[in-house]
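A.B. asks: Just to be clear, the model below is a prediction. Sequence and coordinates:
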Amino acid sequence: MSAEVALVSTFANDEDCVRGIEALHGAHAHDFRAFTPFPSEKVIEASQEARGQGHSPVRWFVLLGAITGFLTAVAVTIGTSLEWNLNTGGRPVVSIPPYVPIMFELMILFGGVSGVIGFFLLSRLPAFESETGYRSHFGSDKFGLVVRCQENEAQKFETLLRDAGAEEVQREAA
Amino acid sequence: MAAAIDTEIQPSYVDVDRQVQRALAPGGLKYWLWVLFCAFLTALGGAFWTNQIYNSFDITGYGQPTMWAVYITNFVFWVGIAHSGTLISAILFLFRVRWRTAIFRLAETMTVFAVATAGLFPLIHLGRVWFFYWLVPYPNERSLQPDFRSPLVWDLFAISTYLTISVLFLFTGLIPDIANARDKAVGWRRTFYSILSFGWQGTDRQWRNFATVYLLLAGFATPLVLSVHSVVSWDFAMTQLPGWHSTIFAPYFVAGAIFSGCALVLTLAIPARRLMKIEGLITIWHLDNLSKVVLLTSVIMTYSYATESFMVWYTQDPIEMATFQQRYYGPQGYMFWMMITCNCAIPLLLFIPRVRTNTVWLFIISIFVNIGMWLERFVIFVGSLSTNADPSQWKFYVPRLTEVIITIGSFGWFLMNFSLFAKFLPIVSMTEMKEGISWLKQAVREVYPYRKAA
């Protein structure tokens, strides 16, 4: 059994990086991580497709948060109005239209906060350890693709990555 | 060929990083003297507020019938200022407007600190500030009825939500940029950025979640910004007071908020780009586009003023007519005409392209708009209260030193926070600038063969 290694490839642009992801996908290598300096839609979509993933589940956090916020506002406004049952000139104790702004605001508040919590959880933030193969220029002007593989397959993947347009491919312990 | 074209596009990714990093370099003596001056104004405002709490509102110009005056004017002014930040960062993001990339961070920062400043004024406005939490509807045993029909309670929810969502939106967008700054920083700054970046490394998994949450926050912020200033306008429009009780208030306030906010973005961006040497990022093109938004909203404001007056004339309600006559020709009528000059006449200069591309002219016009929009709130709130439905109560409010100093202090507080932020955190989004450059490179690559053939 050969040891596991990480191939750290550097690309000049996101299109070459996408080609690298597609090449890895074609070679059935899915234990990879792409690094980009900005949210490149091409890279995000290519990596999602390679891994067979759909859209980010963050949206479910937002939806659940928004529903919770809305229901909380319904409960708070109607509940407290019934609790402090005050007859003001025969007007209905529970009058929905003035409660709509509260329901709207709490829906947005809970949805937004829940979405950000979901973003942190799903992105595994805060991260206290550096990802294997991370280089500081991946946050600046280069695109990175790090693939974990067995040492005996490393040469094959290195060739694939170079053919895709990698400027540089380095090996390091996984 | 593609590589050859890429090199022609300026600024490059590295240029963006370099320019933003340069802006983050430690501030010199002039910078700290400016921050100290702002801190002094803040402290002065704080001292006058303390004095007001100690001596009650007797030392201010407040009194029947004008119990909402400069503090509420300031509150609405600062909330309004905040709105353009959300417009530029969220609404223009949803519409994929490219020129927002260089200025949206500055506008978002302005939003957060403007809301933080606005939030102080309802507290300053309270005689017994330590009971501020009585506005929060929570179960209690003091026989206090939480009245959800009150626009003031809606406002509490709206402003708290707006501040929270604005902070989240700003901070989420900042994380990748802080991580970039972290990788280049040394010493305590590296530790500071490491903590604030939460270990972000820009992996495809992180970006995938980031892109979704950012889009959804923008989607939330867009109706939120419209709702918040509508709710603020209902603080007034829901009452029966002549001059306030009008259905036009919500759209009128939202347009005014965007107008004043975009003007303040110009006021801040013009000196900031020069002092921080980021003219290569925030270019004349950005200022030109922003000034077109100011011009458009100015025209909307002119239309709103005309509609508001027309509605009063058309209804022929004698009390409303009397209030508006006082507004135009009363003892404080000069403020109305100054407002019209600042908000409707002076911005028309922006129709001239040479004015829109001249930073000195833009800066001067933006200052006039800021003054005009502050006066607008004063004219509406204070003027209408001074000339209410009962002429025997009419009394014109004149601010005293306390209100003036606290107002100046609020500008000090805002500018101090903004200046500190701009020095310690990236004021231009590096990630979105790079995204824009990538988009431009692709566009050039796609168009180049056609242009060459032509």
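C.D. replies: Received, thanks.
A.B. asks: Next one: the helix or strand harbouring B:V228, is it in contact with chain A?
C.D. replies: Element membership for B:V228 (DSSP states H and E) is helix B:204-237. Yes - applying CB under 8 Å from any CB of the partner chain, one finds that helix B:204-237 is in contact with chain A at B:204-214, B:216-217, B:220, B:223-224, B:227, B:231. The way it works is simple: take the backbone N, C-alpha and C, and place the C-beta from them, glycine included.
A.B. asks: Closest residue of chain B to chain A?
C.D. replies: Proximity of chain B to chain A (CB to the nearest CB) peaks at B:G199, 3.2 Å away.
A.B. asks: Please enumerate the helices of chain A.
C.D. replies: When assigned using DSSP state H, the helices of chain A occupy the ranges A:14-26, A:41-51, A:58-83, A:96-122, A:154-164.
A.B. asks: So for the last one, what gets flagged as buried?
C.D. replies: What it means is helix A:154-164. A:154, A:157-158, A:160-161, A:164 (16 or more other CB atoms under 10 Å in any protein chain shown).
A.B. asks: Any part of stretch A:96-116 near chain B?
C.D. replies: Yes - Stretch A:96-116 comes into contact with chain B (CB under 8 Å from any CB), by way of A:98-99, A:101-102, A:104-106, A:108-109, A:111-113, A:115-116.
A.B. asks: Surely the residue of chain B closest to chain A is in contact with A:F128?
C.D. replies: Yes - counting by CB atoms under 8 Å, A:F128 is a contact partner of B:G199 at 6.0 Å.
A.B. asks: between these two, who's got more neighbours?
C.D. replies: The residue with more neighbours, out of B:G199 and A:F128, is B:G199; 19 against 8, by other CB atoms under 10 Å in any protein chain shown.
A.B. asks: mind checking pLDDT for the more buried one?
C.D. replies: The per-residue pLDDT reported for B:G199 equals 91.
A.B. asks: thinking again about what came up before, reformat the helices of chain A as CSV; add mean pLDDT.
C.D. replies: CSV is the format used below for the helices of chain A (pLDDT from 0 to 100):
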stretch, mean pLDDT
helix A:14-26, 89
helix A:41-51, 89
helix A:58-83, 93
helix A:96-122, 95
helix A:154-164, 87
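A.B. asks: so what's the residue of chain B closest to chain A closest to, chain neighbours aside?
C.D. replies: In space, and not counting its chain neighbours, B:G199 is closest to A:A127: 3.2 Å by CB to CB, 6 or more residues apart in numbering or on different chains.
A.B. asks: OK, contacts around the one you found?
C.D. replies: Shown in contact with A:A127 (CB atoms under 8 Å, 6 or more residues apart in numbering or on different chains): B:198-201.
A.B. asks: one step back: among the helices of chain A, which comes closest to B:I175?
C.D. replies: Of all the helices of chain A, helix A:96-122 sits nearest to B:I175, with 9.3 Å by CB to CB.
A.B. asks: tilt between the closest one and helix A:58-83?
C.D. replies: 140 degrees (axes from the mean of the first three to the mean of the last three CA atoms, to 10 degrees).
A.B. asks: buried residues in helix A:96-122?
C.D. replies: Of all the residues in helix A:96-122, those buried under the rule 16+ other CB under 10 Å are A:98-99, A:101-116, A:118-120, A:122.
A.B. asks: list the helices and strands the helix holding B:V228 packs on?
C.D. replies: strand A:32-35, helix A:41-51, helix A:58-83, helix A:96-122, helix B:70-86, helix B:92-94, helix B:151-184, helix B:249-275 (3 or more CB pairs under 8 Å, 6 or more residues apart in numbering or on different chains; DSSP states H and E).
A.B. asks: Which stretch among these is buried most, on average?
C.D. replies: Highest mean neighbour count among these (mean count of other CB atoms under 10 Å in any protein chain shown): helix B:70-86, with a mean of 27.
A.B. asks: Compute the inter-axis angle for that one and helix B:151-184.
C.D. replies: Angle between the axes of helix B:70-86 and helix B:151-184 is 50 degrees (criterion: the same axes, to 10 degrees).
A.B. asks: Quick one: mean pLDDT for helix B:70-86?
C.D. replies: Average pLDDT, helix B:70-86: 90.
A.B. asks: Could you pull up the mean pLDDT of stretch B:89-102?
C.D. replies: Rounded mean pLDDT across stretch B:89-102 is 86.
A.B. asks: Chain A contacts on the stretch 351-454 of chain B?
C.D. replies: B:430-432, B:434-435, B:438, B:441.
A.B. asks: go again using 7 Å as the cut-off
C.D. replies: Residues of the stretch 351-454 of chain B lying near chain A by CB under 7 Å from any CB of the partner chain: B:431, B:434-435, B:438.
A.B. asks: Please list only the buried members of the residues you listed.
C.D. replies: Using 16+ other CB under 10 Å, the buried members of those are B:431, B:434-435, B:438.
A.B. asks: want to throw those residues into TSV with pLDDT?
C.D. replies: Compiled in TSV, those are given as follows (pLDDT from 0 to 100):
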residue	pLDDT
B:T431	89
B:K434	87
B:E435	84
B:S438	81
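A.B. asks: Phi and psi next, for residue 135.
C.D. replies: Defaulting to chain A. A:R135 adopts backbone torsions of phi -120, psi 150, taken as degrees, to the nearest 10.
A.B. asks: and what of B:G28?
C.D. replies: Dihedral angles (degrees, to the nearest 10) for B:G28: phi -90, psi -170.
A.B. asks: repeat for B:G243
C.D. replies: phi 100, psi -20.
A.B. asks: pretty sure it contacts B:S384?
C.D. replies: Yes - taking CB atoms under 7 Å as the definition, B:G243 is a contact partner of B:S384 at 3.0 Å.
A.B. asks: joint contacts of the two?
C.D. replies: B:T323 (CB atoms under 7 Å, 6 or more residues apart in numbering or on different chains).
A.B. asks: hang on, the earlier thing: which of the residues of the stretch 351-454 of chain B next to chain A lies closest to B:A306?
C.D. replies: B:E435 (41.5 Å).
A.B. asks: ok, and the closest non-adjacent residue to that closest one?
C.D. replies: A:F38 (4.4 Å).
A.B. asks: Please report how far the one you found lies from A:C17.
C.D. replies: Distance, A:F38 to A:C17, using CB to CB, to the nearest Å: 12 Å.
A.B. asks: neighbour count winner among these two?
C.D. replies: Neighbours were counted for A:F38 and for A:C17 using other CB under 10 Å; A:C17 has more, 30 against 25.
A.B. asks: my guess is the more buried one contacts A:F11, does it?
C.D. replies: Yes - counting by CB under 7 Å, A:F11 is a contact partner of A:C17 at 4.3 Å.
A.B. asks: Find residues that contact each of the two.
C.D. replies: Counting by CB under 7 Å, 6+ apart, the residues touching both A:C17 and A:F11 are A:143, A:145.
A.B. asks: list the buried ones in the helix holding B:V228?
C.D. replies: Using 16+ other CB under 10 Å as the burial criterion, the residues of helix B:204-237 that qualify are B:204-222, B:224-237.
A.B. asks: Test my guess that A:G115 contacts A:V58.
C.D. replies: Yes - using CB under 7 Å, A:G115 makes contact with A:V58 at a distance of 5.9 Å.
A.B. asks: what is in contact with these two at once?
C.D. replies: By the contact definition CB under 7 Å, 6+ apart, A:G115 and A:V58 are jointly contacted by B:V213.
A.B. asks: State the pLDDT value of the nearest residue to B:L24 once chain neighbours are set aside.
C.D. replies: Distances taken as CB to CB, 6+ apart put B:A181 closest to B:L24, at 6.3 Å, once the chain neighbours are dropped. Per-residue pLDDT puts B:A181 at 91.
A.B. asks: from chain A, which residue is nearest to chain B?
C.D. replies: For chain A, CB to the nearest CB, closest residue to chain B: A:A127, 3.2 Å.
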